[in-house]
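> got a sequence here, can you build the structure:
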Amino acid sequence: MCSLTTAYSTLSLNHACALFTLDLPTMALCQFCGKLFKPQGIKSHEVHCGTCQIRERQWLDTTKQYERDLKQAEELRAASFTAAHPTVHASSSSEAGPSQPVYVHNDSDHNFPTLPLMDRKTLLARTHGSLMEILPHKALQEEFGQCAFPAMACDTQPWCPFIEEGDYMFAEIALQAGLSTSHINGLLTLITHINQGKFTHHNVVAPYKGEDFMFPVYTWSLWDWVLDLLSNPLLAPHFTWDAQRLLNYDGSKYKRFYSEQWTGDHWWNIQVCCVGSSHATVKGYPVIVWCRNLPINIQNGECYGGGCIVGWLPIVPESAKEEGKTRYTNYKRIIWHEAFHFILNEVAELSGIGYKYECYDKITQWLFPLILILSADYKELCMMCLIQGSKGKWPCPVCLVPIEVLSQLSKMFLMCTIQQAKEALAIYQEKKSASESILKSLGLRPVANVFWKVENSDPEEVVSLDNLHVMPAGLFGYHLLEELKIILNKLPHQYVAQLEELPVTFPSWQGLVHFTGILHISFSDGNKLQDILRQTFYVTLNILTDDVSCEGYQLLQMLHSYLELDSLIGLSIHTNRTLELIEKEQVTFKNELKEYISCMSSGELAENLKTDWNFPKVHLWQHAIQDIWKKGVACNYSTWPNEKMHGPLKDAYCDHSNRKDVASQVLRVDHHCLVMKLIRTQINAEADCAQEDYDDSGIDPGESEDVLTSFNAHQEFQGFHQKFTCFTNQCLPVYLNCNWNHWKDISFADTFKLWEHCYLKLSLNKIAFTCLVFMFSCSIPNFRTYDFTLIHPYTANISATRKSFDDNFRITCVKACPCTASMFIPIQSIVRGALLYPDPKHRDEYLVVEHVDGDMFRRINKWNQCHLGHE
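Modelled structure (predicted):
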């Protein structure tokens, strides 16, 4: 009845509105529904409204006829029931429950059964065999044929036969998306891998001033990650278990060289398998780990087997009230090391007793994990080694160098030991006052080091020089570059304007980031700072001359020594000879720094420039030689791969988190990426195996047409046919090592077809620098097709005022020959590409940029030695 009342009220309201609006002259009344409409739309509405009303009347007539037929059928059933059961009487409504059937017999009215306490409108009739069941029912709300059934019991698992609701939801999504069986199986396998890699949440509880504070830590089993690598069929062949000492015979004696981490002395002395760890922090604190048994190209690569996040450490909040206090600083160290314990707990236990494991190649290994390398920024090294840092009297985490002599790179000092730290902590725990002088003399903090729990992992031994943070992002980015900006800003305006224009002229080079200016740029990325330095040095050579700025000229001397050290330390292979060169260059840098301080102190910029260079990042690369001896080349412990992993973490934070509970969300996305990386590695491996071999020995030719016609305006192509004919008959037999008696003179027509190769680049020849002008293929009669290049030689003599090898800056300068002196060489004669910077003050002269990579640096040094030997 409530529904009917509401409907009536609505109709009354609508009717009142219709009466109220009849007097409006601009509205028309619909003859079917009685509503008002604009005259423009009344006809279309009446057509639609009339059709709807006809359909409604037809539906009502059909419904009434159905009701009459049903009523007649029920009367017949009731008459049959009465004849078969004449003694059955109606039961009391109080005895029949709401869900119990009521059997009735009515002698007076065979049209519809009558019950004393029920309304007919609340009953429905249905038959069960030979009985008729009368059940209570609510108002039908004008919906015919709807029946009310007894209430069902609560089902706690409505998604049966699926085990979990999530299984049902997955099946529903798969069905709606039309996924095939292979797609469904692939998704289920992926989900299984993801679930197996969940990070575990821990809490570090530490008291401070009588109150307990809780910090969250997220970890993934470090040992499970190691075993996953060992069981991977793609990585198994690359594992190295034993230390190696590699020797090279140079014709007179054997020379040892260093490359991978297992070629260093530290692994040799321990002679066990190892795990390396490194971490860094932005606003999150991820812990990234590498397996040092794998080759460096796998470790530092982006495929599965490289760095992996295994933990997320808490960040103790900054407090303006407590910051700078010794107690609060020590408190943050305690939190860090207790949190790191959750990561190393299992590894620490196995480092002493070992772990027997059958690897993928069915060879059983007895594994003893350890920390071989700790690589991080200086602040993180202080946290790891628990030293007092740059403000302490002994700021080096490796040796006991006083803060007053950090810039003295030629002096050696006593090394820090784990025994000293343990003894000092034991005294502190027994009596704090007695240990203060001891801790200060060692530069230590009174905290137990978590790395002591892992065998053969003394932090003083495993801490390594990170070239990226110490040099480009440290010494240069925060000190040398700032000094250079101060000096340049003090120059007259014409020099500053010239400096802003020159960086644009620096040639492009693969992997080298180019900049449009120097004075107004600011980066914290060590890789970009390194590119800035490589370009800045050559750009400013013609500006910061000795007569323009004495301080600037001396700073360039120091920058070049810095570049030499950076290139030497970054070599991919080291020998005793290269280590001697590093030691020699460190002395050179120390002398240049001393000369710069002396020049600056007596100059006009003494108040603006830095006078105290005794800070840790000047001193730390003194341990570069020791690190190479122990752990191989510098790329083994560089944080460059670590820095590359920060980008995806930031993207995960921005794109996949709600800015709350960031660690768990970011780590989940990172693990998803790890699973996809593993799957992609397997897919690529299968694709590589299935790929058919193909010949890639040559360069794809372009169109077969006479391409020389498009180069008529270039002077290098003058006399092309005559030059090439002469080259073919006089020089080519020498290149091909052919017998002159079998060589016949070859002539070419004035027009003959060449196939142009589609790129140009600079190249370094064994004898000279050249510029590639035109690369082509040519078929030699009675022989075969050869690849040649037309080159522009850079072998002209340098003027007497400028030597080809500049003694002041130890740089290489070359000069281009006239364009008409072009010549031909076989493409096989090319050694590698070279980056040449055009000297803005000397026409056709170029400065050789030797610091683009280690191979170029090594070749230029060898080339210079030969060049000087001929002078």
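
> mind listing what the residue lying closest to residue 207 once chain neighbours are set aside touches?
Once flanking residues are discounted, residue 207 sits nearest to residue 213: 7.5 Å by CB to CB, 6 or more residues apart in numbering. Bear in mind the C-beta positions are built from the backbone N, C-alpha and C, glycine included. Going by CB atoms under 8 Å, 6 or more residues apart in numbering, residue 213 touches 205, 206, 207.

> any idea whether residue 213 is helix, strand or coil?
strand (DSSP: H, G, I helix; E, B strand; the rest coil).

> and it, bridged to which residues?
Residue 213 has these beta-bridge partners by DSSP bridges: residue 206.

> distance check, it against residue 205.
7 Å (CB to CB, to the nearest Å).

> so where's the stretch 601-750 of the chain uncertain?
690-717, 721, 735-750 (pLDDT under 70).

> next: the stretch 251-400 of the chain.
271-284, 320.

> what are the ranges of the helices in it?
265-270, 296-299, 326-353, 378-385 (DSSP state H, counting those that start in this stretch).

> how distant is the first one from the center of its chain?
Yep, that's helix 265-270 we're talking about. The chain centre lies 32 Å from the centre of helix 265-270; the measure is CA atoms, centre = their mean, to the nearest Å.

> then the second one?
For helix 296-299, the separation from the chain centroid amounts to 15 Å (computed by CA atoms, centre = their mean).

> export that helix as PDB, just CAs?
Output of helix 296-299 as PDB, limited to C-alpha atoms (Å, rounded to 0.1, in the frame of the first residue of the first chain):
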ATOM      1  CA  ILE A 296      81.200  -7.300 -14.100                       C
ATOM      2  CA  ASN A 297      79.200  -7.000 -17.300                       C
ATOM      3  CA  ILE A 298      76.300  -9.000 -15.700                       C
ATOM      4  CA  GLN A 299      76.600  -7.200 -12.400                       C
END
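
> the residue lying closest to residue 355 once chain neighbours are set aside: neighbour count?
Distance criterion CB to CB, 6+ apart; nearest residue to residue 355, sequence neighbours excluded, is residue 367 at 4.6 Å. Using other CB atoms under 10 Å, residue 367 has 22 other residues around it.

> who's in contact with residue 367?
Residue 367 touches 226, 273, 350, 354, 355, 356, 357, counting by CB under 8 Å, 6+ apart.

> same thing with residue 418?
Neighbours of residue 418 in contact, by CB under 8 Å, 6+ apart: 452, 458, 459, 460.

> export the residues you listed as CSV, with columns for neighbour count, secondary structure and distance to residue 854.
Formatted as CSV, the contacts of residue 418 follow (neighbours: other CB atoms under 10 Å; DSSP: H, G, I helix; E, B strand; the rest coil; distance: CB to CB, whole Å):
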residue, neighbour count, secondary structure, distance to residue 854
452, 16, helix, 37
458, 20, coil, 30
459, 23, helix, 29
460, 21, helix, 29
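
> how about the helices in the stretch 551-700 of the chain?
576-601, 616-619, 624-631, 640-656, 662-690.

> quick check: residue 662 vs residue 58, distance?
64 Å.

> do residue 543 as well
97 Å.

> check residue 190 too.
Taking CB to CB, one finds residue 190 at 56 Å from residue 58.

> between the two, point out the one with more neighbours.
residue 190 (15 against 10).

> which non-adjacent residue is nearest the more buried one?
Per CB to CB, 6+ apart, closest to residue 190 is residue 675, 6.3 Å.

> can you count the residues close to the one you found?
19.

> I'd say it and residue 187 touch.
No. With contact defined as CB atoms under 8 Å, residue 675 does not count as touching residue 187 (11.7 Å).

> for stretch 58-72, which positions count as buried?
Within stretch 58-72, no residue qualifies as buried by neighbour count (16 or more other CB atoms under 10 Å).

> quick one: mean pLDDT for it?
Averaging pLDDT along stretch 58-72 gives 73.

> just the CA atoms of that stretch, as CSV, please.
The C-alpha atoms that make up stretch 58-72 are tabulated as CSV, following Å, rounded to 0.1, in the frame of the first residue of the first chain:
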residue,chain,number,x,y,z
GLN,A,58,-1.9,-3.6,-24.6
TRP,A,59,0.4,-4.7,-21.8
LEU,A,60,-2.4,-4.1,-19.1
ASP,A,61,-4.9,-6.0,-21.2
THR,A,62,-2.5,-8.9,-21.5
THR,A,63,-1.8,-8.9,-17.8
LYS,A,64,-5.5,-8.9,-16.8
GLN,A,65,-6.2,-11.8,-19.1
TYR,A,66,-3.3,-13.7,-17.6
GLU,A,67,-4.6,-13.0,-14.1
ARG,A,68,-8.1,-14.3,-15.0
ASP,A,69,-6.6,-17.5,-16.5
LEU,A,70,-4.5,-18.1,-13.4
LYS,A,71,-7.5,-17.5,-11.1
GLN,A,72,-9.6,-20.0,-13.0
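
> next, name the residue at the spatial heart of the chain.
residue 645 (3.3 Å; CA atoms, centre = their mean).

> pick the most buried one from the helices of the stretch 251-400 of the chain.
helix 378-385 (a mean of 22; mean count of other CB atoms under 10 Å).

> residue 312: neighbour count?
By other CB under 10 Å, neighbour count at residue 312 equals 27.

> how near is the nearest residue to it once chain neighbours are set aside to residue 666?
If the residues on either side of it in the chain are set aside, residue 312 comes closest to residue 218, at 4.1 Å by CB to CB, 6+ apart. Separation of residue 218 from residue 666 (CB to CB): 9 Å.

> between these two, which contacts overlap?
In contact with both residue 218 and residue 666: residue 312, using CB under 8 Å, 6+ apart.

> quick one, what contacts the residue nearest to the centre of the chain?
Contacts of residue 645 (CB under 8 Å, 6+ apart): 286, 288, 307, 309.

> let me see the contact set for the residue lying closest to the second one once chain neighbours are set aside.
Leaving aside its sequence neighbours, residue 288 sits nearest to residue 307 (CB to CB, 6+ apart; 4.7 Å). Taking CB under 8 Å, 6+ apart as the contact definition, residue 307 lies against 278, 288, 289, 290, 299, 641, 642, 645.

> so what's the fifth one up against?
It refers to residue 299. So residue 299 contacts 290, 291, 292, 305, 306, 307, 636, 641 (CB under 8 Å, 6+ apart).

> ok, which pair from those residues is furthest apart?
305 and 636 (15.1 Å; CB to CB).

> okay, these two: which has more neighbours?
residue 636 (26 against 23).

> for the more buried one, give its distance to residue 373.
Look at residue 636 and residue 373: by CB to CB, they are 7 Å apart.

> any common contacting residues for the two?
Joint contacts of residue 636 and residue 373 (CB under 8 Å, 6+ apart) are 261, 292.

> rewinding a little: how about the helices of the stretch 551-700 of the chain in CSV, adding distance to residue 515?
Conversion of those to CSV gives the following (distance: least, CB to CB, whole Å):
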stretch, distance to residue 515
helix 576-601, 24
helix 616-619, 23
helix 624-631, 28
helix 640-656, 19
helix 662-690, 31
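
> any idea which of those helices gets closest to residue 170?
Among those, the nearest to residue 170 by CB to CB is helix 662-690 (16.6 Å).

> in the closest one, what's buried?
Neighbour-count burial for helix 662-690 flags 662-675, 677-678, 681 (criterion: 16+ other CB under 10 Å).

> kindly calculate the angle that it makes with helix 640-656.
For helix 662-690 against helix 640-656, the angle by axes from the mean of the first three to the mean of the last three CA atoms, to 10 degrees is 120 degrees.

> nothing else from me, thank you.
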